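**Q** structure, please.
(chains A, B, C and D)
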Number of protein chains: 2
Amino acid sequence: MRKLKDARRPEILDATLEIVAERGLDAISMRSVAQRLGLTPMALYGYFRSKEELLDAVLGRLLTEVPLPPEGAPWREVLTHLAYGMRAVAQRHPTVLPLVLTRPGISPGALRLIDRIYQALLTAGVPPGEVPRLERSLSTFVIGHVLSEVSGRFSLGTLDPSARRAQLPPEELPGHDALAAVLDGPVDSEAEFRANLDDVFVMVESRVAR
Amino acid sequence: MRKLKDARRPEILDATLEIVAERGLDAISMRSVAQRLGLTPMALYGYFRSKEELLDAVLGRLLTEVPLPPEGAPWREVLTHLAYGMRAVAQRHPTVLPLVLTRPGISPGALRLIDRIYQALLTAGVPPGEVPRLERSLSTFVIGHVLSEVSGRFSLGTLDPSARRAQLPPEELPGHDALAAVLDGPVDSEAEFRANLDDVFVMVESRVAR
DNA sequence: CCCGATCAGTCTACGGTGTAGACCATCAGT
DNA sequence: ACTGATGGTCTACACCGTAGACTGATCGGG
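**A** Below is the predicted model:
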């Protein structure tokens, strides 16, 4: 079978997203997805060549949920719009997020988003040679923040901040020690997101003023 | 069995790293690791409570391979040192990198690195309230770059830039179109890394100047 | 010298996984 | 009426993580 069907692809992606929302990424299996649709696992192979391809499609689908900014908006607005859009999607599907960082963002949906960033940077006056690099930075920036906010490469573990610190004697961690008050306090992630965005703008501007 | 042994832990981590280097992340299984050591899969459970814990230990081990910068070095030097150290580790173990993004960096090794960044930012004059956020940003930055560097080299064979672009009609991707020349050219990732680092410094300075 | 404890590792088995390969029912078009 | 595609099934294989129960060796005290 060379050609893949696509009629029920959206339906399959829906089912997959439901499962991941309810029981986490690891709960995705060809069997679990098929079962939710009342199908046999092997039926899915008519639509996706492999599980990997299915997961990539899920990712692609997520990225199409990010609303595109209005055409011709000022660059700052475009970047802000995309960043918040990305964040909203992440909050809607928190458990899927590791996929974004793990799989190459190659889908048409991803391309469309990246293109808007390219345009924004170009109109901001960033030299073309720098644009792709800056896009990569910006994207990882936003995604990285959102990930840390949502599923915890940094903050969220089974260990609270002070317990984590206690793994090593304080004299080995003077930095943590000096920041104890700050580290134990709550994180205002909304504010942190804004601040990161501001930093992104600073970066862009520093590349414009060349 | 409450307490875990640790005598042969390094040996086990070595074997795991060898496997991942030879056959990729997915080739890690309790069985494959055990076999390489001439052990039964279950023997590993004397050292690690689960596969997840083993993987976390692998990650921890990687981070201890990042050399610490000399004590009391100027902050720019500290950050540069750490960034290049991280990059070197990533290049030594490219296939393991997704772990860094996927698992919480909670090990003592990670803490030590983070602490150095905290110290650097504090001596740079960043307000303490901003330090943890900036650390998170910086780390994501470096890791993100390194990831795209490593996985970019990876996917270059499967789907080159112009083929990727061709998934959508050019009129949908004016940004890509305008950048075609740049995008098709080779990426000097050494230069890109330097540039990203410069951007990081700009960010830090902008927070110092308030 | 023996006893109990601890240690290092084994064996078996259960309930999962992705997917190759062969198969079949339905239907549209010639 | 035959053909070929479509959409799905069934079976089977090789592999996975790990719970549970076990064995044999080593060793510190009594």
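
**Q** dump stretch A:119-133 to CSV, restricted to CA.
**A** Output of stretch A:119-133 as CSV, limited to C-alpha atoms (Å, rounded to 0.1, in the frame of the first residue of the first chain):
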residue,chain,number,x,y,z
GLN,A,119,8.6,38.2,7.9
ALA,A,120,8.4,40.0,11.2
LEU,A,121,12.2,39.9,11.7
LEU,A,122,12.7,41.1,8.1
THR,A,123,10.4,44.1,8.5
ALA,A,124,12.0,44.8,11.9
GLY,A,125,15.2,45.4,9.9
VAL,A,126,17.2,42.3,11.0
PRO,A,127,19.8,41.5,8.3
PRO,A,128,18.6,38.6,6.3
GLY,A,129,21.7,36.5,7.2
GLU,A,130,20.7,36.7,10.8
VAL,A,131,17.0,36.0,10.4
PRO,A,132,17.0,32.2,10.5
ARG,A,133,19.3,32.0,13.5
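
**Q** next, the buried residues of that stretch.
**A** Neighbour-count burial for stretch A:119-133 flags A:119-122, A:124, A:126, A:130-133 (criterion: 16 or more other CB atoms under 10 Å in any protein chain shown). Where you see a C-beta, it was placed from the backbone N, CA and C, and this is true even at glycine.

**Q** now do stretch A:55-68
**A** A:55-63, A:66.

**Q** turn those residues into TSV, columns for distance to residue A:206, pLDDT and secondary structure.
**A** Shown next, in TSV, are the buried residues of stretch A:55-68 (distance: CB to CB, whole Å; pLDDT from 0 to 100; DSSP: H, G, I helix; E, B strand; the rest coil):
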residue	distance to residue A:206	pLDDT	secondary structure
A:55	37	93	helix
A:56	35	90	helix
A:57	38	92	helix
A:58	37	93	helix
A:59	32	90	helix
A:60	33	91	helix
A:61	36	92	helix
A:62	31	91	helix
A:63	28	91	helix
A:66	26	94	coil
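
**Q** near chain B too, which of the buried residues of stretch A:119-133?
**A** Among these, the residues that sit close to chain B (CB under 8 Å from any CB of the partner chain) are A:119, A:122, A:130-133.

**Q** can you get me a residue count around residue A:71?
**A** Residue A:71 has 8 neighbours, counted by other CB atoms under 10 Å in any protein chain shown.

**Q** can you tell me the SS state at it?
**A** Per DSSP: H, G, I helix; E, B strand; the rest coil, the local secondary structure of residue A:71 is coil.

**Q** apart from its neighbours in sequence, what residue is nearest residue A:146?
**A** The spatially closest residue to residue A:146, leaving aside those adjacent along the chain, is residue A:90, at 4.4 Å (CB to CB, 6 or more residues apart in numbering or on different chains).

**Q** re earlier: for the buried residues of stretch A:55-68, which one is nearest chain B?
**A** Ranked by distance to chain B (CB to the nearest CB), the buried residues of stretch A:55-68 are led by residue A:60 at 10.4 Å.

**Q** residue A:189 and residue A:146 touch, don't they?
**A** No. Contact criterion CB atoms under 8 Å: residue A:189 and residue A:146 do not qualify, at 9.4 Å.

**Q** what sits closest to the residue nearest the centre of chain A if chain neighbours are left out?
**A** The centre of chain A sits closest to residue A:143, judged by CA atoms, centre = their mean, with a distance of 4.2 Å. Excluding the flanking residues, the one nearest residue A:143 by CB to CB, 6+ apart is residue A:100, at 5.7 Å.

**Q** quickly note the distance from residue A:207 to residue A:73.
**A** 20 Å (CB to CB, to the nearest Å).

**Q** tell me which helix or strand of chain A sits lowest on mean pLDDT?
**A** helix A:161-165 (a mean of 74; mean pLDDT, DSSP states H and E).

**Q** which helices and strands sit right next to it?
**A** Under the contact criterion of 3 or more CB pairs under 8 Å, 6 or more residues apart in numbering or on different chains; DSSP states H and E, helix A:161-165 touches helix A:180-184.

**Q** now do the helix or strand that the helix it packs on is followed by: distance to the chain's middle.
**A** On the C-terminal side of helix A:180-184, the closest following helix or strand by DSSP states H and E is helix A:189-208. Relative to its chain's centre, helix A:189-208 lies at 17 Å (CA atoms, centre = their mean, to the nearest Å).

**Q** pLDDT on helix A:189-208, on average?
**A** In this model, helix A:189-208 carries a mean pLDDT of 90.

**Q** now do stretch A:107-119
**A** 90.

**Q** how far away is residue A:176 from DNA strand D?
**A** Distance, residue A:176 to DNA strand D, by CB to the nearest atom of the strand, to the nearest Å: 31 Å.

**Q** looking at residue A:207 and residue A:73, which one has more neighbours?
**A** Using other CB under 10 Å, the more surrounded residue of residue A:207 and residue A:73 is residue A:207, with 21 against 16.

**Q** wait, what's in contact with that one?
**A** A:126-127, A:130, A:134, B:199 (CB atoms under 8 Å, 6 or more residues apart in numbering or on different chains).

**Q** try it again at 7 Å.
**A** A:126, A:130, A:134 (CB atoms under 7 Å, 6 or more residues apart in numbering or on different chains).

**Q** what does residue A:190 give?
**A** Neighbours of residue A:190 in contact, by CB under 7 Å, 6+ apart: none.

**Q** and chain A, what are its domains?
**A** Following automatic domain parsing, one gets these domains for chain A: A:9-49, A:67-208.

**Q** nearest to DNA strand C among those would be which one?
**A** Comparison of the domains of chain A against DNA strand C by CB to the nearest atom of the strand identifies domain A:9-49 as nearest, at 3.3 Å.

**Q** any part of that closest one near chain B?
**A** No. Figure legend: domain A:9-49 not in contact with chain B (CB under 7 Å from any CB of the partner chain); closest approach 10.0 Å.

**Q** so what would you say the end-to-end distance of that domain is?
**A** From its first residue to its last, domain A:9-49 covers 12 Å (CA to CA, to the nearest Å).

**Q** just how off-centre is it within its chain?
**A** Counting by CA atoms, centre = their mean, domain A:9-49 is centred 21 Å from the centre of its parent chain.

**Q** one more: stretch A:135-142?
**A** Relative to its chain's centre, stretch A:135-142 lies at 10 Å (CA atoms, centre = their mean).

**Q** which helix or which strand is home to residue A:16?
**A** Per DSSP H and E: residue A:16 is located in helix A:9-23.

**Q** that helix close to DNA strand C?
**A** No. Helix A:9-23 does not reach DNA strand C (CB under 7 Å from any atom of the strand); its nearest approach is 10.0 Å.
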